[in-house]
Every structure is written in C-alpha cells, then in structure tokens.
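> quick check, what structure comes out for this input:
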Amino acid sequence: MSEEKIDSQSPKEDYVMPDNSEKTEREPKIENDEYKGSGKLKGHNTIVTGSDSGIGLAVAIAFAKEGANVALVDLEDNDDLRSAQKRIESFGVNCLAFAGDVGDEVFTRLTLKEVSEAWGNIHTLVNNAAEQHPKESILEIDAAQLDRTFRTNIFSIIYWSREVLPYLAEGGTIINSSSVTAYEGSPQLLDYSATKGAIVSFTRSLSQNQEILDKRIRVNAVAPGPIWTPLIPATLGISYDEFGGGSLDRPGEVYELAPAYVYLASDDSSYVTGQTIHVNGGTIVNG
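Residues are numbered from 1 along each chain as shown. Modelled structure (predicted):
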C-alpha cells in the first residue's frame, strides 16, 4: 500500500484500548477441520473487517473453503494479519490484506477502491470489526471511549455499507455482526450493547432502502452469544470456565459461527433479508 494510504488509516483519537489480557490455557478454536466446502461461494469477492483473529478470521476461512476470494481488514499490519492471509491463500483463493481504522471513512473509501481495482465487483461485505471496554459504572465512560466504541462498531458499518454500494454486484450481500447484548443488554458493556442494538436497527432499515432493493442486495446480521474469542480474556480478564451461557451451558466456539455467515452470503438464503440469526447456545431473545 502507498504511503498516502498508510497516513489516511491512522486513528485520530488519543484513546488507547486497555490491555487486560493474560495467557489462558484455553485457546479459541478458529477453524473446524471437519468443515468441507462445496463451492457455495466459488468466485465470490468478499471483504471481512476485523479479520485477523476471532470471528472474522473464522468467517474468512469458511468463505475461502467455499471458494471465495477474501480481503482481510484489520487495525494493524502485524503477524496475525499476515498469518491469516497465508491461511486463506492455502485454500487456493486470492487474498488481500489491509490495515487501518475501519472507523475512518477515507480508509474505507480507499480500501474498497483498491479491492475493486484488483478483483472487479464485490459480492459480499462482512462488517465484523468491533471493540468493547467494560466499565462497572456509566460514570466511568468518558467521551473518548464513547466516541471510539461507536466509531468502530456502528459508524464503520455505515461507512463501509455506503462506500461499497457502487462496487457491490447485483444480488450481493451485506452481513453485519451484532450481539446477544443487543437483546439482553449488558450492565458492564453499556456503550458496546448500545452499538450492537443500533446494528440490528440499521440492518433492518438498510434492507428496505430502495437503492439496495433495486440491486437485489440482501442485508442481514448474525448475533453471537457468549463466544470464546481472543477479545474475551483481553477485555474481561476471565477464563474459559468462567465464561459461557445459554441452555448449552458452555461458551460457543468461534468456528461455530462461520456457517451462519456462509449461509447469509450464499444463494441458500436468497429469500432472507433484514433478519438476524442468533447463534447463542440457546439464549432466548424474543420479547
């Protein structure tokens, strides 16, 4: 990438994400070795944000197994991002990697332009990038944290969905990552759960937009429950045994989410739009 692009990606805020991470004996399970692709996304050009680890990486791997080319987008150009790129390419598909702030609309615009120049039409956009900063009290949430959480979690989804539209193929798909906290709430994740609720409303609204309908684009979301991702020990500082829920009484594995995204990106879900799939271990979220 050019020096100009690198400069445009730099976060403009002084806020630094706290690191509460500790080594844990239980590593997240990103990939299901038994998952065999069947060409559901063969030739699809896809973009996945927040994809150097966790849910985004699991989705990117499943897409690659189904034959999709994948553009990975994450905050930093580090070993995790390059390792993810190598894993995607090992399935015989094309993979691009971009590093920058997904909440920066200039970075968004430049990245989508570069992907389109490399591959042509884009078929699926997965808006997955997110961050969370647990606080015991609303009095502890300052303006910098609030701006950072909303910029990454919901501003970015609006930016990417807006900027991808000229490049999105007719019949393409947009898939957003929400959360069970959008429905249950979370006393320690007030701003995070608010953004996840906004994602549900935005997904429903965008799916009804006339420009979207004219291009037969389907817009859906996935709402993960308690999934054991690298973000959990890093932000909550808890172990696998302390985390979990739903009627299955265990945390979900990252790879268990991927098939829901594959379904929403493929023609299998051709009559599904404006909906949210709940992958949460049995947590009841209806009113």
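
> pLDDT at the closest residue to Leu231 other than its chain neighbours, what is it?
Spatial nearest neighbour of Leu231, excluding adjacent residues (Cβ to Cβ, 6 or more residues apart in numbering): Gly54 at 6.1 Å. The way it works is simple: take the backbone N, C-alpha and C, and place the C-beta from them, glycine included. In the predicted model, Gly54 carries a pLDDT score of 93.

> for Gly197, see how far away Gly54 is.
Gly54 sits 21 Å away from Gly197, going by Cβ to Cβ, to the nearest Å.

> quick one, which of those two is more surrounded?
The neighbour comparison of Gly54 against Gly197 (other Cβ atoms under 10 Å) goes to Gly54, with 22 against 17.

> below-threshold pLDDT in this protein: ranges please.
Applying pLDDT under 70 to the chain flags the ranges 1-25, 245, 287.

> find the residue at the geometric middle of it.
When the chain is reduced to its mean C-alpha position, the closest residue under Cα atoms, centre = their mean turns out to be Asn128, at 1.1 Å.

> next, the residue sitting furthest away from the middle of the chain: secondary structure please.
Distance from the centre of the chain peaks at Leu139, with 28.7 Å (Cα atoms, centre = their mean). At Leu139 the chain is in helix, as set by DSSP: H, G, I helix; E, B strand; the rest coil.

> number of nearby residues for Pro166?
The burial count for Pro166: 10, using other Cβ under 10 Å.

> in three-state terms, label the closest residue in space to Arg218 that isn't next to it in sequence for me.
Leaving aside its chain neighbours, Arg218 sits nearest to Thr273 (4.1 Å; criterion: Cβ to Cβ, 6+ apart). In three-state terms, and counting by three-state DSSP, Thr273 is coil.

> wait, doesn't Thr273 sit right on Ser207?
Yes - at 4.6 Å, Thr273 counts as touching Ser207 under the criterion of Cβ atoms under 8 Å.

> element containing the closest residue to Ala118 other than its chain neighbours?
Nearest non-adjacent residue to Ala118, counting by Cβ to Cβ, 6+ apart: Leu96, 6.4 Å away. Assigned by DSSP states H and E, Leu96 belongs to strand 95-99.

> which residues touch that strand?
Outside strand 95-99, the residues within contact range by Cβ atoms under 8 Å, 6 or more residues apart in numbering are 1, 9, 64, 69-78, 81-82, 84-85, 88-89, 111, 114-115, 118.

> let's see 10 Å
Identification of contacts with strand 95-99 by Cβ atoms under 10 Å, 6 or more residues apart in numbering yields 1, 5-6, 9, 45, 47, 49, 51-52, 60, 64, 68-78, 81-82, 84-89, 107, 110-112, 114-115, 118-119.

> packing partners of the helix or strand just after that strand?
Counting by DSSP H and E, the element after strand 95-99 in chain order, helix or strand, is helix 105-119. The elements that helix 105-119 packs onto, with contact taken as 3 or more Cβ pairs under 10 Å, 6 or more residues apart in numbering; DSSP states H and E, are helix 3-9, strand 45-49, strand 69-74, strand 95-99, strand 122-127, helix 156-164.

> with that, I have no additional questions.
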